[in-house]
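>>> Curious how this folds, go ahead:
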Amino acid sequence: MKLARLRRSLPMQMALNFAVLILLTAVAVGLPAIWLLRGQMERQAWALLEQGASASQALYEAGQSEVGGLAVLTAQRPRLHDLVIVGDRDQLFDYLATLQLGAGLDTLQICAPDGQRYAVVGLTIESDICAAPEEAHFYLERGRASTQAWFLAAHPLTDAAAGYGRVIVGVLLDDAYLAQIETQSGLEQALLSDAEILALSGRLPRAAWAAQLPRDAGKIAARAAYDFDDRAYYAAAFSWPEEAVLLVALEVTDLAIAQRQLIGRMLGGILLAALLGFGLTLLLARRIGRPLDDLVTAAGALSWRDLDQPVRVASQIEEVSQVAQALEFARLELRSALADLRQERDWVNHLLDSIVEGTMTLDAAGRVTFFSQGAERITGWPRSEAIGRPVDDLFQMADTSAPFSQFIPASGQKERLTVLLAEGRQAMLAITGAQLAPPAARSAEVALVFRDVTEEEALRRLLGHFLANVAHEFRTPLSALAASIEILLDQAPELSREEFAELLNALHLGILGLQTLVDNLLESASIESGRFRVSLRPTNLHQIIAEAAQTMTPLIHKHGQRLRLELPEELPVMMADGRRLSQVIVNLLSNAIKYGPDDAEIVLTATAGPQRVRIAVADEGPGVAPQHRDDLFQWFMRRNPDEAQPPFGIGLGLAVVKAVVLAHHGRVGVEDRPGGGSIFWFTLGTESYS
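Sure thing, here's the model as predicted:
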């Protein structure tokens, strides 16, 4: 009887109903949240794996391209060409070993014109690869014991008609190579062919990999999740190249643990919420006894405009006093929450002020309602002057008289606009628009996020100009070469010795110009990628200067110019990279030839002091304006870049000169030449003396 009465009592019914409601609410909210969070975490992991797989493939393709470049550079070395012609095999093997070590190659071999191997250093490939194609390619060496994967590339040692054979270089795709790819991509790597593991980068043994490869109907699956050795992995496989399969794996053990912890905590939170709800509801329900009007009066006192007024309910009933205390506690919590919200608002405003990009909002009339510190930095307008003003007063279009408000991008769209800012300063802004509409608002504000991309646009235009110049610099000598070769093909029997020599000289000059351009491009690429290194050896400066002068002699004669060398009888033997120092002198002489008039004199001097050696090239060109001297040795810069049509080059030669000289602990500069022209000089410090 008492139990039935207890079940029908208001406190018990309220407690049970609220407990069930809290439990259902927690389950309805918690379980979908668990499912969504788990799915999101897995999608992020798969996305990370796919990105890593794409990055890995790009790294392999870059490595293959690098092998092709090494084949070209190796085949074009004059020293190698001379040793092959002379037939000194001992020196040839020593030189090949040096090239292999310096280039990081696993195999380097010379193939004779008859297809036989003439010299091999490094690893030996059992198969006959002397007939391998010239372009860089993937190659599987199926030996008796195992199969190996290689990046191979070949290049003729010299003109194919001369018959000196070919250079073949190769990099072995072994465990160490894949470990480098793993370091760069963050994914474990495995290279397979016909289900055989060729190379492996991870810590796990090959046997474990072979036993746990993800398979689908007997074939390696393109994408799978699997576990072994108490570790969880997501793996993706793709054919690269067609002869092999590349498998990348991402360890997701921590993700699985986090998912289990998330589920456990969510379920525990649901149960705890139900228990707490039941207990609190039962406690509150038992203390209900106050009249409804007192409760309404006390509750009405709680308003957002009167949170400072305490709740006071005079009653002798204990339950009423408890409810009054609960209402008072709620008032204090609301006031604290309101203070926290204000603090959060101030923090958000501070965060917006800290963002580098500019942020502002506009009302329906186009007036500024918010202006961040980033906007102040970019525009130069103080916030106090910007707030409340029409946006058209702050931003004026530079190339049209139409108001700025007509060009504001729609929500989610981006525009690049050239505008006039404070004090008439012109800038290009990348502007993104958005609509801010609170739930109960009838009209939305416009939010604009913008940043100054003036320098980015200038760089983009500079890059386009650079590409156009590169195309022009290649097209001109190639056209001349094609014309000379066409004349040789059509009229060779009819040409006199002088005409034949003139055509050969034109061919030589064209090839020399292309070689100088390609050398500068390759050096600039290695400098930008961080792979630029100098190989210091005892170097005879007299010999380096003489070789550079001899190289440029045909071009000097073509322009009717004269080269005068002013060298001391003795120059110190220095620890330097002879090839790159020769390239420095060639670039400086090329500059002097290009910018000097015909029938001009170019003077190359070298002086040795107790602390340094100074080499200078003096020309009779137009000189260099003082305001451009500081930037002349930067990338893509040329003499007097403010001229409407700079006459020569793509702006790489002097930048390469500076990089090589700095690598030798030297200095480089330019000064006026007495009587007109410029003197480009560089020094090598005491660190370079042997």
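>>> Return the backbone torsion pair for the nearest residue to residue 416 once chain neighbours are set aside.
Closest residue in space to residue 416, ignoring its immediate chain neighbours: residue 430 at 5.3 Å, by CB to CB, 6 or more residues apart in numbering. (Each C-beta comes from the backbone N, C-alpha and C, glycine too.) The phi and psi values for residue 430, taken as degrees, to the nearest 10, are phi -90, psi 110.
>>> Hmm, residue 430 is touching residue 453, no?
Yes: the criterion here is CB atoms under 8 Å, and residue 430 meets it with residue 453 at 4.6 Å.
>>> intersection of neighbour lists for those two?
Residues touching both residue 430 and residue 453 (CB atoms under 8 Å, 6 or more residues apart in numbering): residue 416.
>>> contacting residues around the closest residue to residue 173 other than its chain neighbours?
Sequence neighbours aside, residue 149 is the residue nearest to residue 173 in space, at 4.0 Å (criterion: CB to CB, 6+ apart). When contacts are counted by CB under 8 Å, 6+ apart, residue 149 is found next to 138-141, 172-173, 191, 193, 198-199, 244.
>>> biggest helix in the chain, by residue count?
Across the chain, the longest stretch assigned as helix under DSSP state H is helix 10-75.
>>> I'd like the next helix or strand past it.
Following helix 10-75 in sequence order, the next helix or strand is helix 78-86 (DSSP states H and E).
>>> wouldn't residue 175 be in contact with residue 199 here?
Yes: between residue 175 and residue 199 there is a contact under CB under 8 Å: 5.3 Å.
>>> Of the two, which one has the most company?
Between residue 175 and residue 199, counted using other CB atoms under 10 Å, the more crowded position is residue 199 (21 against 18).
>>> Check the gap between residue 253 and residue 260 for me.
11 Å (CB to CB, to the nearest Å).
>>> just residue 51 next, same as before
26 Å.
>>> Which one's more surrounded, the two?
residue 51 (13 against 10).
>>> Report pLDDT for that one.
pLDDT for residue 51: 86.
>>> Let the chain start at 856 from now.
Right, with 856 as the first residue, what we last looked at is residue 906.
>>> ok, now which ones touch it?
So residue 906 contacts nothing (CB under 8 Å, 6+ apart).
>>> and residue 1513, which of the three is it?
At residue 1513 the chain is in helix, as set by DSSP: H, G, I helix; E, B strand; the rest coil.
>>> how far away is the nearest residue to it once chain neighbours are set aside from residue 1515?
Spatial nearest neighbour of residue 1513, chain neighbours left out: residue 1488 (4.1 Å); criterion: CB to CB, 6+ apart. Distance, residue 1488 to residue 1515, using CB to CB: 11 Å.
>>> Between these two, which is the more surrounded one?
residue 1515 (25 against 20).
>>> Could you look up the SS state of the closest residue to the more buried one other than its chain neighbours?
Closest residue in space to residue 1515, ignoring its immediate chain neighbours: residue 1435 at 4.6 Å, by CB to CB, 6+ apart. Recorded secondary structure, residue 1435: helix (three-state DSSP).
>>> what does the model give residue 1435 for pLDDT?
Confidence score, pLDDT, at residue 1435: 81.
>>> Could I get the phi/psi values of residue 987?
Torsion angles, degrees, to the nearest 10, at residue 987: phi -60, psi 150.
>>> What pLDDT does the model give it?
83.
>>> shouldn't it be in contact with residue 1006?
No: between residue 987 and residue 1006 there is no contact under CB under 8 Å: 11.2 Å.
>>> which one of these two has more residues nearby?
Each of residue 987 and residue 1006 has its neighbours counted (other CB under 10 Å); residue 1006 has more, 24 against 19.
>>> what sits against the more buried one?
Residue 1006 is in contact with 918-919, 922, 991-994, 1025-1026, 1028, counting by CB under 8 Å, 6+ apart.
>>> got it, and residue 908?
1042, 1091, 1093, 1103.
>>> Report the angle between the longest helix of the chain and helix 933-941.
Relative orientation of helix 865-930 versus helix 933-941 (axes from the mean of the first three to the mean of the last three CA atoms, to 10 degrees): 50 degrees.
>>> Could you chop the chain up by domain?
899-1109, 1147-1206, 1210-1307, 1374-1543 (automatic domain parsing).
>>> chain center to the first one: distance?
Using CA atoms, centre = their mean, to the nearest Å, we find the averaged C-alpha position of domain 899-1109 to lie 24 Å away from the chain's own average C-alpha position.
>>> Any idea how far apart the tips of that domain sit?
Using CA to CA, to the nearest Å, one end of domain 899-1109 lies 13 Å from the other.
>>> Quick check: beta-bridge partners of the residue lying closest to residue 1262 once chain neighbours are set aside?
In space, and not counting its chain neighbours, residue 1262 is closest to residue 1272: 5.6 Å by CB to CB, 6+ apart. Using DSSP bridges, the bridge partners assigned to residue 1272 are residue 1284.
>>> Does residue 1272 touch residue 1284 like I think?
Yes: under the criterion of CB under 8 Å, residue 1272 makes contact with residue 1284 at 5.7 Å.
>>> what are the ranges of the helices in the stretch 956-1105 of the chain?
1030-1040, 1061-1067 (DSSP state H, counting those that start in this stretch).
>>> Going by mean pLDDT, which of those helices comes out lowest?
helix 1061-1067 (a mean of 61).
>>> Contacts only, for residue 934.
The contact partners of residue 934, by CB under 8 Å, 6+ apart, come to residue 950.
>>> cool, and residue 1536?
1469-1472, 1523-1526.
>>> after whichever strand or helix holds residue 1202, next one along is what?
Residue 1202 is located in helix 1173-1209, with elements delineated by DSSP H and E. Later in the chain than helix 1173-1209, the nearest helix or strand by DSSP H and E is strand 1213-1217.
>>> That following strand pairs with which strands?
In the sheet, strand 1213-1217 lines up with strand 1223-1226 (antiparallel), strand 1300-1307 (antiparallel) (DSSP bridges).
>>> And for that strand, what's in contact with it?
Contacts for strand 1213-1217 (CB under 8 Å, 6+ apart): 1207, 1223-1227, 1229-1234, 1241, 1246, 1263, 1291, 1300-1306.
>>> Show me which of these are buried.
Buried by 16 or more other CB atoms under 10 Å: 1207, 1223, 1225-1227, 1229-1231, 1233-1234, 1241, 1246, 1263, 1300-1306, out of the contacts of strand 1213-1217.
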